[in-house]
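Novice: Here's my sequence, what's the structure:
(chains A and B, ligands or ions: 3)
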Amino acid sequence: MPKIEMRVNGKPISVETEAETLLVHFLRDRLGLTGTHVGCDTGQCGACTVHLNGEAVKSCTMFAVQAHGAEITTIEGLAKNGKLHPMQEAFREHHALQCGFCTPGMIMAAVDIVRRKPNADEKTIRQELEGNICRCTGYHNIVKAIASAAAGMGARS
Amino acid sequence: MYTKPFSYHRPKSLEDAVALFGKSSDPRYLAGGQTLIPTMKQRLAAPSDLIDLGGLSALAFIRKSADMLMIGAGTRHAAVATSADVKSAIPALAYLAEGIGDPAVRHRGTIGGSLANNDPAADYPAAVLGLGATVKTTKRSIAADEFFTGMFETALQDGEIVTEIAFPIPEKAGYAKFPNPASRYAMVGVFVAKVKTGVRVAVTGAGPCVFRVPQMEAALAKDFSDGAIANIKVAADDLNSDLHGSREYRAHLVTVMARRAVAGA
Ligand SMILES: Cc1cc2nc3c(=O)[nH]c(=O)nc-3n(C[C@H](O)[C@H](O)[C@H](O)COP(=O)(O)OP(=O)(O)OC[C@H]3O[C@@H](n4cnc5c(N)ncnc54)[C@H](O)[C@@H]3O)c2cc1C
Ligand code: FES
Ligand code: FES
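Specialist: Ligands and ions are numbered 1, 2, ... in the order given. The predicted model follows:
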């Protein structure tokens, strides 16, 4: 079995796993990080979005072995010292979730959008959310939350 | 597990990768995995060995000379979309890359994987054929006109790795795509370029394989304006017809997208 070493939410991990283990199953079943969800399982819905070396990727469309040597961040890694990440705060503040199934993926995608496009306008945010599907909210409050978090995150740095 | 078990290899060089390929019974190269992994999950592919090209830094580069733009096969769509060199040399190519799938797909998917796969609705084949680029491999150089041979078919031989795509820098180029609203793949995408050798028009999404439209090329060579091709229609007979659109609808879209590509060039 191939050995993989990576950092997950800042913690070094070194284990053996079958090559065919998808990253999402590795995170959920091996590491117990069940915040990362499986929605479609076909790369369309974005519920499984995590950060690979700071970039949003779909963990259902990647084998865990491909993350060897990488830094992975999941939804569990965003809050620091018991304090929610500004994007998590913004989702709460703007009522950007209903059932919450898409939310971990939405938030990971949203943090990535603001990293790449700190001044994204509403149209850009909607385009950038192309790969994240929400069955409940109609997206409106998600877009509002991202825009407001972008303003807040920009002001802090 | 969804996929059949396989052996995973992380070669250190292209030579290693080719050697591993030769030694395995039913091997596949793995690049961004954005096509191959879904295919394996559906069990439409069940390779015995996956040879991961992802770690090969020799495949990830973008270089510009006076009249050429060279892109390594392992370059991610996101890197092409945001590269200052691509944006200045061939803005239409950066625009095309920015329109592939969604941000997460663009962070993983590579140009080499897209070309090797030659999906009839993929974007890059239109740019490679439209610009008359050269596909370089571990064995040879292949002209775009010879590379795309049919639906999911290319001139690549067993074990041959795409290493680089060399694009001539055009005087002008434009790309327009009508995306499938669900998948973002091209229902029809048209790449138009004015290069040294003349005008080239390449269409993806409409047929089983990317193709050129000589009639439009001739008209645009005389007058590079969208009006010049307003009355040129491709024949619908050989085009794709499916639940997303009839062949007549796609034929109509080819002219509309070609005009937009010219207007945007
Ligand atoms: C949700 C979603 C939406 C998408 N939307 C679009 C879209 O709008 N437009 C579009 O064009 N594409 C789209 N794609 C496909 C995407 O662009 C893929 O990244 C691309 O088709 C394959 O590249 P890859 O690097 O992921 O290759 P992989 O999936 O790793 O490999 C694909 C094939 O190419 C072979 N291969 C890979 N690299 C090489 C090489 N260097 N030499 C020889 N053979 C090689 C592999 O063996 C395999 O057979 C989408 C994919 C997804 C999941
Ligand atoms: S579960 Fe990965 S994209 Fe839907
Ligand atoms: S909140 Fe239910 S799917 Fe988005």
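Novice: Give me the nearest residue to the one residue in the stretch 101-250 of chain B that gets nearest to ligand 3, chain neighbours excluded.
Specialist: Nearest residue of the stretch 101-250 of chain B to ligand 3: B:D102, at 16.2 Å (Cβ to the nearest ligand atom). C-beta: built from backbone N, CA, C; applies to glycine. Leaving aside its sequence neighbours, B:D102 sits nearest to A:G131 (Cβ to Cβ, 6 or more residues apart in numbering or on different chains; 2.7 Å).
Novice: quick revisit: I'd guessed the residue of the stretch 101-250 of chain B closest to ligand 3 sits against B:A182; true?
Specialist: No - counting by Cβ atoms under 8 Å, B:D102 stays clear of B:A182, with 11.7 Å between them.
Novice: Let me know how buried the residue of the stretch 101-250 of chain B closest to ligand 3 is, in neighbour terms.
Specialist: By the criterion of other Cβ atoms under 10 Å in any protein chain shown, B:D102 has 21 neighbours.
Novice: what sits against it?
Specialist: A:46, A:128, A:130-132, B:184 (Cβ atoms under 8 Å, 6 or more residues apart in numbering or on different chains).
Novice: So which of these reach ligand 1?
Specialist: Residues of the contacts of B:D102 in contact with ligand 1 (Cβ under 6 Å from any ligand atom): B:R184.
Novice: which one among the contacts of B:D102 gets closest to ligand 3?
Specialist: Looking across these and measuring by Cβ to the nearest ligand atom, the closest to ligand 3 is A:N132, at 8.8 Å.
Novice: ok, for the closest one, nearest residue in space, not its chain neighbours?
Specialist: Counting by Cβ to Cβ, 6+ apart, the residue nearest A:N132 is A:G46, at 3.4 Å.
Novice: which secondary structure element contains that neighbour?
Specialist: For A:G46, there is no host helix or strand (DSSP states H and E).
Novice: count of residues packed around it?
Specialist: 27.
Novice: Ok, A:R30 next?
Specialist: 14.
Novice: same question, A:E76
Specialist: By the criterion of other Cβ under 10 Å, A:E76 has 17 neighbours.
Novice: which one is B:A166 nearest to, not counting chain neighbours?
Specialist: Per Cβ to Cβ, 6+ apart, closest to B:A166 is B:T134, 4.6 Å.
Novice: how close does that neighbour sit to ligand 1?
Specialist: Distance of B:T134 to ligand 1, given as Cβ to the nearest ligand atom, to the nearest Å: 15 Å.
Novice: can you check B:S246 too?
Specialist: B:S246 is 21 Å from ligand 1, by Cβ to the nearest ligand atom.
Novice: Can you check the pLDDT for that residue?
Specialist: With respect to pLDDT, B:S246 scores 96.
Novice: Can you tell me how far it is from A:L27?
Specialist: Applying Cβ to Cβ, to the nearest Å, the value for B:S246 to A:L27 is 43 Å.
Novice: Tell me which of those two has more neighbours.
Specialist: A:L27 (25 against 14).
Novice: Name the SS class of that one, please.
Specialist: Of the three states, A:L27 takes helix under DSSP: H, G, I helix; E, B strand; the rest coil.
Novice: so who does the residue nearest to B:A166 touch?
Specialist: Residues in contact with B:T134 (Cβ under 8 Å, 6+ apart) are B:141-144, B:165-166.
Novice: For residue 72, which non-adjacent residue is closest in space?
Specialist: Just going to use chain A. With Cβ to Cβ, 6+ apart, the residue lying closest to A:I72 is A:V8, at 4.7 Å.
Novice: oops, I was thinking of chain B
Specialist: B:G72 sits nearest to B:F61 (Cβ to Cβ, 6+ apart), 4.2 Å away.
Novice: Isn't that neighbour up against B:L69?
Specialist: No - B:F61 is beyond contact range of B:L69, at 11.2 Å (criterion: Cβ under 8 Å).
Novice: The two: which is more packed in?
Specialist: The residue with more neighbours, out of B:F61 and B:L69, is B:L69; 24 against 14, by other Cβ under 10 Å.
Novice: part of a strand, is that one?
Specialist: Yes - the assignment for B:L69 is a strand, going by three-state DSSP.
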